[in-house]
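>>> Starting from these lines, generate the structure:
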Amino acid sequence: VKLTAAYPKKLTGLLMNLRSQHLPLNRHLHRINKAEHPHCPHCPNIEETVHHFLLECPSYQRERHTLHNALGRDASSIPHLLTEPEAVPHLVKFINSTRRLKTTFGEV
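As a prediction, the model looks like this:
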């Protein structure tokens, strides 16, 4: 609660959805029958999970490089990205720059 207390509602919702993995990524959407398959739109046969989106998808390599420049090796830690106040602005910049969640969250 402390982490999100000072954040706007949209950002708090995004962080909660990231933590619970209830994000509009294909794995979750497929599970709730809103997508045909759970695969990443860029990576055939790889499920689009929060982990894949944040740390692995080659389509977001440039955005991830910026995140790594800002946070160093902590950029490879999902717990760090989702719980450390100094990581949140960089995570938001990454998410906004990928435009993957723009339909649901707009610019966060």
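
>>> can you pull out the helices in this structure?
All helices of the chain, identified by DSSP state H, fall at 2-5, 9-20, 26-31, 50-51, 61-71, 78-83, 88-98, 102-105.

>>> ok, and for the second one, which residues are buried?
Going back to what we said before, that points to helix 9-20. Burial within helix 9-20, assessed by neighbour count using 16 or more other CB atoms under 10 Å, is assigned to 11, 14-15, 17-18. Glycine gets a C-beta too; all of them are placed from N, C-alpha and C.

>>> Also the fifth one?
Residues of helix 61-71 classed as buried by neighbour count (16+ other CB under 10 Å): 63-64, 67, 70-71.

>>> Please work out which residues outside it touch it.
By CB atoms under 8 Å, 6 or more residues apart in numbering, the list of residues contacting helix 61-71 from outside reads 54-55, 75-76, 80-81, 86-87, 90-91, 93-94, 97-98.

>>> what angle sits between that helix and helix 88-98?
Counting by axes from the mean of the first three to the mean of the last three CA atoms, to 10 degrees, helix 61-71 lies at 170 degrees to helix 88-98.

>>> avg pLDDT for helix 61-71?
The average pLDDT for helix 61-71 rounds to 97.

>>> so what pLDDT did the closest residue to Glu63 other than its chain neighbours get?
Using CB to CB, 6 or more residues apart in numbering and skipping residues adjacent in sequence, the residue nearest Glu63 is Ser97, 4.6 Å away. Note on Ser97: pLDDT of 96.

>>> how close does Ser97 get to Leu54?
Distance of Ser97 to Leu54, computed by CB to CB, to the nearest Å: 13 Å.

>>> Next: Glu84.
For Glu84, the distance to Leu54 (CB to CB) stands at 14 Å.

>>> same question, Arg73
14 Å.

>>> Name the residue in the two with the higher neighbour count.
Between Arg73 and Leu54, counted using other CB atoms under 10 Å, the more crowded position is Leu54 (23 against 8).

>>> State the distance from Leu15 to Arg62.
For Leu15, the distance to Arg62 - CB to CB - is 23 Å.
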